[in-house]
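Student: Compute the structure for the input listed below.
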Amino acid sequence: MTAIPTIRTARLTLRAPGPQDVAPMAAFYASERSRFVGGPKDAEGAWRQLAAEIGHWTLRGYGHWIVEETATGTACGMVGLWNPEGWPEPELGWDLFDGFEGRGYATEAALAAREHAYGTLGWRTAISLVHPENTASARVADRLGARPDSTFTHPAFGTVLIYRHPVPEACC
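Tutor: Below is the predicted model:
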């Protein structure tokens, strides 16, 4: 199994997903906040999603971290690198749990994840898939310096915007 690194930012800890995340994942996927990332889902569906998140690390050597507020240890979302079968190319994605939006956490964690992708993994590019109605996610992509590039039509998620991140030399 791939050793999942822990990354710390000024306010956040990006750590490996695990069994302690079943309840926060179930709450997230039961809410309307999950509508742009395959939800809502029942508790079993959320459990399966958590298993997929963990398995992605083994299959690809990277994946989503659970984002915690360092000061409280509270799980506040998932951020990381994603490229399942059928994806157009490796993605940098972010999902905040209810009550943690509006604090800059998605941007802070995504910057750390992108630095890992470009620095440690040697990626030369990254995309973020954003549903056209998800204006909050589009604002995060903008803050990260990503720009609309094209679209991608997924059989389950529909047509989404592809935001292209700056190359490593331009951002990191």
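
Student: what ranges do the strands span in this structure?
Tutor: Along the chain, counting by DSSP state E, strands occupy 7-8, 12-15, 64-69, 75-82, 91-96, 127-130, 147-154, 158-164.

Student: what about the first one, average pLDDT?
Tutor: Confidence over strand 7-8, taken as the mean pLDDT, stands at 98.

Student: got it, and stretch 158-172?
Tutor: On average, stretch 158-172 scores 92.

Student: Pull that stretch out as CSV, backbone CA atoms only.
Tutor: The C-alpha trace of stretch 158-172 is given here as CSV (Å, rounded to 0.1, in the frame of the first residue of the first chain):
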residue,chain,number,x,y,z
GLY,A,158,-23.0,15.4,-17.1
THR,A,159,-21.0,18.2,-18.8
VAL,A,160,-18.5,20.0,-16.6
LEU,A,161,-16.0,22.8,-17.2
ILE,A,162,-12.3,21.9,-17.3
TYR,A,163,-10.2,24.5,-15.5
ARG,A,164,-6.5,24.3,-16.4
HIS,A,165,-4.0,25.1,-13.7
PRO,A,166,-0.9,27.1,-14.4
VAL,A,167,2.3,25.1,-15.2
PRO,A,168,4.7,24.6,-12.3
GLU,A,169,7.0,27.3,-13.4
ALA,A,170,4.2,29.9,-13.4
CYS,A,171,2.8,29.2,-10.0
CYS,A,172,5.1,27.2,-7.7
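
Student: Quick check: buried residues in it?
Tutor: Across stretch 158-172, burial judged by 16 or more other C-beta atoms under 10 Å covers 160-166, 168. Where you see a C-beta, it was placed from the backbone N, CA and C, and this is true even at glycine.

Student: Can you add distance to His116 and give these back as a markdown table?
Tutor: Shown next, in a markdown table, are those (distance: C-beta to C-beta, whole Å):
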| residue | distance to His116 |
| --- | --- |
| Val160 | 23 |
| Leu161 | 24 |
| Ile162 | 21 |
| Tyr163 | 18 |
| Arg164 | 18 |
| His165 | 13 |
| Pro166 | 16 |
| Pro168 | 12 |
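
Student: right, and out of those, which lies closest to Gly80?
Tutor: Using C-beta to C-beta, His165 is the member of those that lies nearest Gly80, at 13.8 Å.
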